[in-house]
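S.K.: Any chance you can model this:
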Amino acid sequence: GRTTRDYALVNITDGSRKGVLKEVSGPVDLSPKGEYIFGYQSTDSTWFAYNVATDIRKDLTREKVFYDERHDSPSLPRSYGSAGWTEKDEALILYDRYDLWKFNPDTGVGERLTKGRETQTVYRYVTLDKEQRYLDSKAEWLLTTFNEDDKSSGYALLDSRRKTVKPLLEGPYRFSTPVKAKNADTYMFTRESFEVFPDIWTSGADFQEAVQISRANPQQEAYRWGTIEPVEWTSLDGERLSGMLVKPEGFDPSKKYPMIVNFYERSSDGLHRHRAPSPGRSTINYAFYASRGYLIFNPDVHYRIGYPGESAYNCVIPGVTALIEKGFVDRDNIGVQGHSWGGYQIAYLVTKTDMFKAAEAGAPVPNMISAYGGIRWWTGLSRQFQYEHTQSRIGGTPWEYPMRYLENSPIFNIDKINTPLLIMHNDADGHVPWYQGIEFFV
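M.R.: Numbers count the residues shown, from 1 in each chain. As a prediction, the model looks like this:
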């Protein structure tokens, strides 16, 4: 079952206590002045506020969607979080997927302060003074912006009284959360993209005429790097999907290029992330392969609970075929690579398709039944939660859903693998039992 907690108020002078909340699953906190207890009840996906003086609890977001809209695992969805309270505990500022909302904790009435949903723009409050315990409703608020459609980001100013947003800076980059100098109106931030290293910039409060003050990676100019772009296609379930395509420098659409498919879950929001070359965690380095003439395709996967392997197939394969149809992919030279959860999905895919010339599955789980009975070696944690409730998304136990465990386990279809497959695993893996790699290989 899930963890729930009861909460009580304790009088610190005489030690007396009064129970105030029962069976809350989710984060709970006190408002800055201590007049309210507030939190998110994940069992019904609702934010609430409890008035300490009047002993009244008010649900704030019932009938509204303030929980993860893209949640696709057999567990309770998380909230999008809170920006905090305005002065004197007057209002609680909550986030939905896109916007800031201002809630009266006694009446439960909420009003939307930004209009991000209309343009798929995510607005989030920036805390500039770590000592400040509330949001100043008389001042303008600095926000970060992120556009889910084209993945651009930037900064904006919100006048919370007039509910007007003034854009300050935006572009096809990933901007960091800015930091303000303690005693001056000067701001520091980084700006990065696939091709641009996240150097440090400074500016005034309006973010105009920003100045680059570091040049940390000049050696990049000597290398062929490549470019990245968003791609879209339709899954076999009829859903519109997004992904990323990396192209080599000097790309010529009339030529045929070998392609590596590399994915995990949903990565397309990271389109403008800078990936510096490194011999890092068991995944391919994009710039390294692009500079050697490879295309790299990273498709997003949307999951249907109980069918993680099939979900990966239904999303990844039509993405690859959609790119082949564009005419510049060498269909005889497509590889696939992934690690951990990505490694599992690749192990599954090669039992269902011979599309790939070669495959590498890093730390895969080919047998969900034996892995269900395993532990995480670093922590000793049982792995059962992963299959019942989280990433592996089976949705129950092997005795409730024996066929789901069989159908999603590549080990039971190993006779259908015709693709040369490299399995990488090591005995210092703290999360995936490394005997899964041995079991697959043997």
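S.K.: longest helix in the chain, by residue count?
M.R.: Counting by DSSP state H, the longest helix found in the chain is helix 308-324.
S.K.: what comes into contact with the following helix or strand past that one?
M.R.: Note on helix 308-324: by DSSP states H and E, the next helix or strand toward the C-terminus is strand 329-339. Outside of strand 329-339, the residues that reach it under the criterion C-beta atoms under 8 Å, 6 or more residues apart in numbering are 256-264, 281-284, 295, 320, 323-324, 345-346, 349-350, 355-363, 424. Just so you know, the C-beta spots here come from the backbone N, C-alpha and C atoms, and that holds for glycine as well.
S.K.: How about stretch 224-240?
M.R.: Residues from elsewhere that reach stretch 224-240 (C-beta under 8 Å, 6+ apart): 150-151, 193-195, 241-251, 268, 271-272, 286-287, 290-291, 297, 299, 302, 304, 313-315, 317-319, 322-323.
S.K.: can we see that at 7 Å?
M.R.: Applying C-beta atoms under 7 Å, 6 or more residues apart in numbering, the contact partners of stretch 224-240 are 151, 194-195, 241-249, 268, 271, 287, 290-291, 302, 314-315, 318-319, 322.
S.K.: ok, of those, which come out buried?
M.R.: Among those, the ones that count as buried by 16 or more other C-beta atoms under 10 Å are 151, 194, 241-248, 268, 271, 287, 290-291, 302, 314-315, 318-319, 322.
S.K.: which ones among those residues are found in strands?
M.R.: 241-247 (DSSP state E).
S.K.: Select, from those, the two members most distant in space.
M.R.: Farthest apart among those by C-beta to C-beta are L241 and K247. That separation is 19.2 Å.
S.K.: which residues does A222 contact?
M.R.: Applying C-beta under 7 Å, 6+ apart, no residues contact A222.
S.K.: Could you tell me the phi and psi values at it?
M.R.: The phi/psi pair for A222 (degrees, to the nearest 10) reads phi -80, psi 0.
S.K.: again with the one 3 residues further on
M.R.: According to degrees, to the nearest 10, the main-chain angles of W225 amount to phi -110, psi -50.
S.K.: Against T4, how distant is it?
M.R.: According to C-beta to C-beta, to the nearest Å, W225 and T4 sit 51 Å apart.
S.K.: ok and the strand or helix carrying Q345 relative to strand 329-339, angle-wise?
M.R.: Using DSSP H and E, Q345 maps to helix 341-349. Relative orientation of helix 341-349 versus strand 329-339 (axes from the mean of the first three to the mean of the last three C-alpha atoms, to 10 degrees): 130 degrees.
S.K.: State whether P410 and K352 are indeed in contact, as I suppose.
M.R.: No: the pair P410 / K352 is not scored as a contact, 9.2 Å apart, by C-beta atoms under 7 Å.
S.K.: neighbour count winner among these two?
M.R.: Comparing P410 with K352 by neighbour count (other C-beta atoms under 10 Å), the higher total belongs to P410, at 26 against 16.
S.K.: pLDDT value on that one, please?
M.R.: At P410, the pLDDT value in this model is 97.
S.K.: Next up, phi/psi of it, please.
M.R.: Note on P410: backbone dihedrals following degrees, to the nearest 10 are phi -60, psi -30.
S.K.: ok, so what distance separates it from P167?
M.R.: Relative to P167, and taking C-beta to C-beta, P410 is found at 48 Å.
S.K.: Can you list phi and psi of the closest residue to E249 other than its chain neighbours for me?
M.R.: Once flanking residues are discounted, E249 sits nearest to R224: 4.4 Å by C-beta to C-beta, 6 or more residues apart in numbering. Taking degrees, to the nearest 10, you get phi -70, psi 130 for the backbone angles of R224.
S.K.: R224 and P277: what is the separation?
M.R.: Taken as C-beta to C-beta, the span from R224 to P277 is 12 Å.
S.K.: ok, the residue nearest the centre of the chain to Y134 distance?
M.R.: Taking C-alpha atoms, centre = their mean, the centroid of the chain lies closest to R266, which sits 7.0 Å from it. Separation of R266 from Y134 (C-beta to C-beta) stands at 34 Å.
S.K.: before we move on, what about S214?
M.R.: Distance, S214 to Y134, using C-beta to C-beta: 34 Å.
S.K.: For the two, work out which one has more neighbours and name it.
M.R.: For S214 and Y134, the more surrounded residue by other C-beta under 10 Å is Y134, and the numbers stand at 17 against 12.
S.K.: circling back: more neighbours, W225 and T4?
M.R.: Between W225 and T4, W225 has the larger neighbour count (other C-beta under 10 Å), namely 17 against 13.
S.K.: show me where pLDDT drops low in this structure?
M.R.: Where the chain drops to pLDDT under 70, the residues are 1-2.
S.K.: switch the cut-off to 90
M.R.: 1-3, 26-27, 130, 276-283, 377-378, 391, 429-431 (pLDDT under 90).
S.K.: quick one, strands of the stretch 101-250 of the chain?
M.R.: For the stretch 101-250 of the chain, strands defined by DSSP state E, counting those that start in this stretch occupy the ranges 110-112, 121-125, 141-147, 153-159, 164-171, 174-175, 179-180, 187-192, 199-203, 211-212, 227-234, 240-247.
S.K.: Mind putting those into a markdown table with distance to G335?
M.R.: Below are the strands of the stretch 101-250 of the chain laid out as a markdown table (distance: least, C-beta to C-beta, whole Å):
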| stretch | distance to G335 |
| --- | --- |
| strand 110-112 | 47 |
| strand 121-125 | 34 |
| strand 141-147 | 32 |
| strand 153-159 | 31 |
| strand 164-171 | 33 |
| strand 174-175 | 27 |
| strand 179-180 | 41 |
| strand 187-192 | 27 |
| strand 199-203 | 33 |
| strand 211-212 | 37 |
| strand 227-234 | 18 |
| strand 240-247 | 14 |
